[in-house]
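# Predicted model follows, preceded by the sequence.
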Amino acid sequence: MTYSSANRGFPAGNPIANAIVIIVGTLAIAASIIIGFVAFLVLASIILVMAAVVGLRLWWFNRKLRREPRPDPDSGDGVIEGEFIVIAREEKDPR
């Protein structure tokens, strides 16, 4: 059976079957668009919530850092003082 370019539309010759194919196809396309949009909204909301959590955490961390007093370099804080002894190595005889 050979199809010509003029008869490439719908495979069924019945106009009712053609109408049903058009209606079902339109509903399938509309449902896929709606489901895709809902999936996009869910993904976008998850990303938005995660960005808000990270932003809030960074803000809180920076706020805590600003509240802590910084050590004064002239006060000697952070400097360990002590005595040390230099122990010389014994040099081996090169013989």
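That came through fine. What you are looking at is a predicted structure, and each value in this text was computed from that prediction instead of being measured.
# With G25 as the reference, measure out to N18.
As defined by Cβ to Cβ, to the nearest Å, N18 lies at a distance of 11 Å from G25. Backbone N, C-alpha and C define where each C-beta goes, glycine included.
# if you count what's nearby, which of these two comes out ahead?
Each of N18 and G25 has its neighbours counted (other Cβ atoms under 10 Å); N18 has more, 14 against 10.
# three-state assignment of the more buried one?
Judged by DSSP: H, G, I helix; E, B strand; the rest coil, the three-state class of N18 is helix.
# again, but for F84
Under three-state DSSP, F84 falls in the coil class.
# How far away from the center of its chain is the helix or strand where L56 lies?
Element membership of L56 [criterion: DSSP states H and E] is helix 15-67. Relative to its chain's centre, helix 15-67 lies at 14 Å (Cα atoms, centre = their mean, to the nearest Å).
# And for stretch 81-91?
Its chain's C-alpha centre and that of stretch 81-91 lie 54 Å apart, by Cα atoms, centre = their mean.
# And the contacts of it?
Outside stretch 81-91, no residue is within contact range by Cβ atoms under 8 Å, 6 or more residues apart in numbering.
# mean confidence for it?
Stretch 81-91 carries an average pLDDT of 80.
# for that stretch, how far is the first residue from the last?
For stretch 81-91, the first-to-last residue distance is 31 Å (Cα to Cα, to the nearest Å).
# Could you report the pLDDT at P15?
Listed pLDDT for P15 reads 86.
# what about it, distance to K92?
Counting by Cβ to Cβ, the gap from P15 to K92 is 108 Å.
# Any figure for the gap between the residue nearest in space to the middle of the chain and F40?
The chain has I47 as the residue nearest its centroid, 7.0 Å off, counting by Cα atoms, centre = their mean. Per Cβ to Cβ, I47 is found 11 Å from F40.
# Likewise for A51?
Using Cβ to Cβ, one gets 16 Å for the distance from A51 to F40.
# can you check V24 too?
24 Å.
# which intervals of this protein have sub-threshold pLDDT?
1-12, 70-79, 94-95 (pLDDT under 70).
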